[in-house]
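Q: A structural model of the following input is requested.
(one chain, ligands or ions: 2)
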Amino acid sequence: MEPEDYDRLLADLRPRPTSEVVGLEAALGRRTAHEVRAPQSVPRVPTSAMDGFALDAAALAAARSGGEVSVVGDIAAGRPYVVLEQGTAVRVMTGAHVPSGAEAVVPVEFTDAQPAGGVPSTIRIADLPADLPSGWNIRRVGEDVGAGTVVLAPGDLITDAGTGLLAMLGIAAVDVTRPLHVGLIVTGDELGAPDAVVADASAQSPAALILNSNLPMLEAAIASAGASAHTRVCGDDPEAFLQVLEELSADTDLVITTGGISQGAYEVVRSALEGAHSTFGRVAMRPGGPQGHGRYRGTPLLHFPGTPAAAHVSFHLFARTLLGAGPLANRWRKAVAAGDDLSGHPRGVSLRPGVFTPNGEVEAMPRSRLHDFARADAIIRVPRAPAAFRPGDVVDILPC
Ligand SMILES: Nc1nc2c(c(=O)[nH]1)N[C@H]1C(S)=C(S)[C@@H](COP(=O)(O)OP(=O)(O)OC[C@H]3O[C@@H](n4cnc5c(N)ncnc54)[C@H](O)[C@@H]3O)O[C@H]1N2
Ligand code: MOO
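A: Numbering: from 1, shown residues only. Ligands and ions are numbered 1, 2, ... in the order given. Reported below is the predicted structural model:
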């Protein structure tokens, strides 16, 4: 099974997020719970796109034939509106409310007026384009955003530009999804805490030989995905594992486990859950081939392999789908390959760490260890052999 097919199977496990209303200052990086519609138009009134003079049709005609036009007022952006009398002009600044009846705003450069200083009492205009479109340099009401337009869809990430957009529309608070609570159980009798003393390799203590990289790595990945992590470490005893899962699943929206799912003698996760709660199998991909998923008392479960590079890739491919990023099939982006030729593996999709070159192409690292992914900008998807890519070919990448 290809990674995207497996990912589709996981869709039913997606937790339903709840929502909360937050102020704009706390909205950055959150996702909208509902669509957001513009409560008002932008601009709200016709506004000038240029510093210049608003003229009605009669004044424009007079100016075209070389006549002087009287200037009857001055409007800066946000300042009170001035009535445009027939056959006259009003000085307007960019963003100013253009008086009704104005046919066009003529930029100051087309006139004999000085750009700065007081308002001239009259202006002359030279070299006006022959066919001025009606409303030249006047931004119509709702030209940027019409009242009622959907400006953000449900699930959209609120970015810095999105924050500005909401402020522009007078929206001070927004309904966003609450961070999901994700349980993480990292399994293996052999694991030592990252600060454990690394003993001599010949020593008897296994905990000193393999340090627990998956826990801090996936805790960080969960936080980067906007969720909160609740972590536990567990040995290879299935009963003890079930006890940890029982506790953790009661208060979490999703539980991720690592390790103990392949063909070995101490596959704790598999022996505790297979049949009753979870299914285990192999996805045609490397790293990360062994995978499992299920539910425990309703709480969705994802089971990742213990090998650190496999756990890393599994999170980006599959956990992100359940944490609101959308189906894997929709998340691949395109990039131009650089560096050496890339050949597919005969048994499945290869997921290779890739680094962006200064000119924006992507170059695969020679190997796919955690050490390589730690420096990568993206995961490159190399389909199964005989697929092969040469420099200049377009490849699928997942930013990570
Ligand atoms: N006979 C077979 N053996 C294996 C197969 C297979 O198909 N047949 N698949 C291999 C592949 S691919 C992978 S990936 C691993 C996955 O095995 P598990 O999920 O059961 O993981 P473990 O055996 O528990 O651990 C694998 C490896 O990773 C180390 N590990 C585990 N957790 C952590 C952690 N939190 N931090 C750092 N390192 C960790 C663990 O000590 C093992 O060395 O199975 C292959 N075998
Ligand atoms: O899933 Mo494994 O060895 O391919 O890392």
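
Q: quick one: contacts for whatever residue of the stretch 301-400 of the chain ends up closest to ligand 1?
A: Closest to ligand 1 within the stretch 301-400 of the chain is Gly306: 2.6 Å, counting by C-beta to the nearest ligand atom. To be clear about C-beta, it is placed using only N, CA and C from the backbone, and glycine gets the same treatment. By C-beta atoms under 8 Å, 6 or more residues apart in numbering, the contact set of Gly306 is Thr187, Gly188, Asn214, Thr258, Gly259, Gly260, Ile261.

Q: Okay, and which of those residues map to helices?
A: Taking DSSP state H, the ones among the contacts of Gly306 that sit in helices are Asn214.

Q: Among the contacts of Gly306, which lie within strands?
A: With strands defined by DSSP state E, the entries of those inside them are Thr187, Thr258.

Q: Farthest pair within the contacts of Gly306?
A: Asn214 and Ile261 (12.7 Å; C-beta to C-beta).

Q: Neighbour count for the two, which is higher?
A: For Asn214 against Ile261, the residue with the higher neighbour count under other C-beta atoms under 10 Å is Asn214, and the figures read 30 against 25.

Q: Quick check, pLDDT for the more buried one.
A: Reading off the per-residue confidence, Asn214 sits at a pLDDT of 96.

Q: you'd agree it is up against Gly259?
A: Yes - the criterion here is C-beta atoms under 8 Å, and Asn214 meets it with Gly259 at 7.4 Å.

Q: overlap in contacts of those two?
A: When contacts are counted by C-beta under 8 Å, 6+ apart, Asn214 and Gly259 are jointly contacted by Val186, Gly306.

Q: how near is Gln114 to Ala63?
A: If you measure Gln114 against Ala63 using C-beta to C-beta, to the nearest Å, the figure is 17 Å.

Q: An error on my part: the question was meant for Thr18.
A: Counting by C-beta to C-beta, the gap between Thr18 and Ala63 amounts to 62 Å.

Q: So for these two, which residue has more residues nearby?
A: The neighbour count for Thr18 versus Ala63, taken as other C-beta under 10 Å, is higher for Ala63 (22 against 10).

Q: ok now do that one, which residues does it touch?
A: Contacts were defined as C-beta under 8 Å, 6+ apart; by that measure Ala63 touches Leu55, Val69, Val106, Ile123, Arg124, Ile125, Leu128.

Q: What is the lowest-pLDDT residue among those?
A: By predicted confidence (pLDDT), the lowest-ranked of the contacts of Ala63 is Leu128, with 87.

Q: looking at this, that one is in a helix?
A: No - the assignment for Leu128 (DSSP: H, G, I helix; E, B strand; the rest coil) gives coil, which keeps it out of a helix.

Q: Can you tell me the closest non-neighbouring residue to Ala335?
A: The shortest distance from Ala335 to any residue that is not its chain neighbour, by C-beta to C-beta, 6 or more residues apart in numbering, is 4.1 Å, and that residue is Val362.

Q: Is it correct that that neighbour is in contact with Lys334?
A: No - with contact taken as C-beta under 8 Å, Val362 and Lys334 are classed as non-touching, separated by 9.7 Å.

Q: what sits in contact with each of these two?
A: Overlap between the contact sets of Val362 and Lys334, as judged by C-beta under 8 Å, 6+ apart, is given by Val395, Ile397.

Q: ok, and for the host helix or strand of Glu247, which residues are buried?
A: Using DSSP states H and E, Glu247 maps to helix 238-250. Burial within helix 238-250, assessed by neighbour count using 16 or more other C-beta atoms under 10 Å, is assigned to Pro238, Phe241, Leu242, Val244, Leu245, Leu248, Ser249.

Q: Write out the residues of this structure neighbouring ligand 2.
A: With C-beta under 6 Å from any ligand atom as the criterion, the chain meets ligand 2 at residues Arg286, Pro287, Gly288, Gly289, Pro290, Pro305, Thr307, Ala309, Ala310.
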